[in-house]
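>>> heads up, no residue letters with this:
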């Protein structure tokens with residue numbers, strides 16, 4: 001196990017805005033609302049292992065995964081954030097972790113123990129397991145019995161396990177891993193993903209038996225959004241689609 005401190009500004013090239021006391025009120029409240037919704041849902045359902053995915057690349061799913069984990073940890077929950085994007089992992093860049101550090105692939109292949117590979121961020125209260133070395137068979141590793149057994153073991157140690165996965169409409173990894181999760185959250189970026197791509201992502205998850213428990217509308221700008229754009233905010237603050 002390694003102990004580290006997050007760099008609040010993170011790397012400017014990855015454009016990570018980490019939720020903190022210095023971030024804007026709407027930004028902070030958005031993650032508090034997401035956290036509260038998960039807590040309410042957890043009363044009637046068992047939502048502990050959650051995958052964060054998107055329809056297509058560059059919708060901000062990694063950003064959402066990190067900030068959701070941090071927001072949950074603020075309520076004194078034990079939270080583990082895992083980079084399960086074994087094709088184009090980003091969490092190590094956001095958090096300034098060396099690419100060659102032992103990560104998920106090392107744990108799954110048996111060359112490292114989880115206790116040695118995880119990184120504990122003392123200031124933001126989360127543990128992180130990076131993807132590690134990119135393997136030749138990402139989907140097979142994520143869908144393996146070894147992965148399932150690892151999550152079962154980790155479930156006894158953590159209150160929440162947040163997993164950042166590849167876009168579900170691009171590769172099958174999220175759908176494969178979703179079989180071991182309690183549910184999925186779909187990140188949709190305004191002016192980037194289309195309505196049809198979001199619907200296709202939903203169909204891909206549901207066809208694989210993955211429960212879609214919610215969606216995050218990312219990079220939303222209420223001032224510039226109109227009904228003709230496909231998404232708009234109604235007066236009662238519910239998301240609407242044309």
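Looks like it came in fine. From a predicted model like this one, the values you see are computed outputs, not experimental measurements. Residues are numbered from 1 along each chain as shown.
>>> and after the top helix by length along the chain, which helix or strand comes next?
The longest helix of the chain (DSSP state H) is helix 25-44. Tracing the chain past helix 25-44, the next element assigned as helix or strand by DSSP states H and E is strand 49-54.
>>> quick one: stretch 98-118 to chain centroid distance?
Here stretch 98-118 is found 19 Å from its chain centre; the criterion is Cα atoms, centre = their mean, to the nearest Å.
>>> ignore the last one, stretch 159-179
8 Å.
>>> list the buried residues in it.
160-178 (16 or more other Cβ atoms under 10 Å). Every C-beta, even on glycine, is put in place using the N, C-alpha and C of the backbone.
>>> next one: stretch 59-78
59-74, 77.
>>> now that stretch: how far from the chain's centre is it?
For stretch 59-78 - counting by Cα atoms, centre = their mean - the centre lies 8 Å from the chain centre.
>>> for stretch 34-41, same thing?
15 Å.
>>> again, but for stretch 118-132
14 Å.
>>> and the contacts of stretch 69-83?
With Cβ atoms under 8 Å, 6 or more residues apart in numbering as the test, stretch 69-83 has contacts from 18-19, 31-32, 34-35, 38-39, 62, 65-66, 89-92, 103-104, 118, 124-131, 154, 157-164.
>>> try 6 Å this time
19, 31, 35, 89, 91, 124-131, 158-164 (Cβ atoms under 6 Å, 6 or more residues apart in numbering).
>>> return a ChimeraX selection command for the buried portion of those residues.
This is the ChimeraX syntax for the buried subset of these, where burial follows 16+ other Cβ under 10 Å:
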select :19,31,35,89,91,124,125,126,127,128,129,130,131,158,160,161,162,163,164
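>>> this protein: strands as residue ranges?
Using DSSP state E, the strands assigned to the chain run over residues 2-4, 49-54, 79-83, 119-121, 126-129, 160-164, 183-189, 212-218, 231-233, 239-241.
>>> for residue 201, which of the ones you listed is the nearest?
strand 183-189 (5.8 Å; Cβ to Cβ).
>>> what angle do the closest one and strand 49-54 make?
Per axes from the mean of the first three to the mean of the last three Cα atoms, to 10 degrees, the angle that strand 183-189 makes with strand 49-54 is 20 degrees.
>>> ok, now which ones touch residue 112?
102, 106.
>>> just list the residues touching residue 60, thanks.
Counted by Cβ under 6 Å, 6+ apart, residue 60 has contacts 187, 189, 218.
>>> which parts of the longest helix of the chain are buried?
By neighbour count with 16+ other Cβ under 10 Å, helix 25-44 contains the buried residues 28, 30, 31, 34, 35, 38.
>>> one more: stretch 130-143?
130, 131, 132, 133, 135, 138, 139, 141, 142, 143.
>>> point out where the chain drops to low pLDDT.
1-3, 5-26, 42-44, 99-100, 220-242 (pLDDT under 70).
>>> same thing but at 90, please
For the chain, the stretches with pLDDT under 90 are 1-47, 55-60, 90, 92-102, 123-124, 169-170, 188-198, 214-242.
>>> tell me what residue 188 is bridged to.
Per DSSP bridges, the residues bridged to residue 188 are residue 217.
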